[in-house]
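*Asks:* take this sequence and fold it.
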Amino acid sequence: MGKKAMLRLLFIILGWFGLLPPLSAKPFASDLFCKAYPDSPACAGTALRCSYCHAPASQVPNLFGATLLQYMRDHNLSYPTTVPAMQEVIEGAGAIDADEDGFSNLA
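*Replies:* As a prediction, the model looks like this:
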């Protein structure tokens, strides 16, 4: 397992044990995502589910959500509040292979 994957895993574990401050997912995140990527299968006929970026029934980020947060930190970006900002974060984090399966996150 690579160094980045280990850091993401540590971040997720710390979050589950309550050692990180609660995440403040914005209710408009799914709306912004679907405006940025209207052809995404995740947006077809329904709102994007929270589990796209978060562990089920939790505020803890899943692997993709942790990658988004890490990308924002690494590039000194704040939480996206516009379609272009959301596109920048998704495309940047999407180019990463978070689960190290040989494919980028958006492949």
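*Asks:* three-state assignment of the residue of the chain most remote from its centre?
*Replies:* Distance from the C-alpha centroid of the chain peaks at residue 45, with 21.1 Å (CA atoms, centre = their mean). Here residue 45 is recorded as coil under DSSP: H, G, I helix; E, B strand; the rest coil.
*Asks:* now do the contacts for the most centrally placed residue in the chain.
*Replies:* What sits nearest the mean C-alpha location of the chain, by CA atoms, centre = their mean, is residue 65, with 2.6 Å. Residue 65 is in contact with 52, 53, 54, counting by CB atoms under 8 Å, 6 or more residues apart in numbering. Backbone N, C-alpha and C define where each C-beta goes, glycine included.
*Asks:* the first one: neighbour count?
*Replies:* By other CB atoms under 10 Å, the residues close to residue 52 number 15.
*Asks:* if we can go back for a sec, same question for the helix or strand harbouring the residue nearest to the centre of the chain, mean pLDDT?
*Replies:* Per DSSP states H and E, residue 65 falls inside helix 63-74. Throughout helix 63-74, pLDDT has a mean value of 89.
*Asks:* point out where the chain drops to low pLDDT.
*Replies:* 1, 4, 6-27, 47, 107 (pLDDT under 70).
*Asks:* Serialize the contacts of residue 65 to TSV and add fields for distance to residue 71 and secondary structure.
*Replies:* Below are these laid out as TSV (distance: CB to CB, whole Å; DSSP: H, G, I helix; E, B strand; the rest coil):
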residue	distance to residue 71	secondary structure
52	15	helix
53	12	coil
54	16	strand
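*Asks:* hang on, the earlier thing: with residue 29 as the reference, measure out to the residue farthest from the centre of the chain.
*Replies:* As for residue 45, its distance to residue 29 is 18 Å (criterion: CB to CB, to the nearest Å).
*Asks:* run a quick neighbour tally on residue 77.
*Replies:* With other CB under 10 Å as criterion, residue 77 counts 14.
*Asks:* chain neighbours aside, what residue packs nearest to it?
*Replies:* Taking CB to CB, 6 or more residues apart in numbering as the measure, residue 77 lies nearest to residue 89, with 6.3 Å between them; neighbours along the chain are not counted.
*Asks:* since that was my last question, I'll sign off now.
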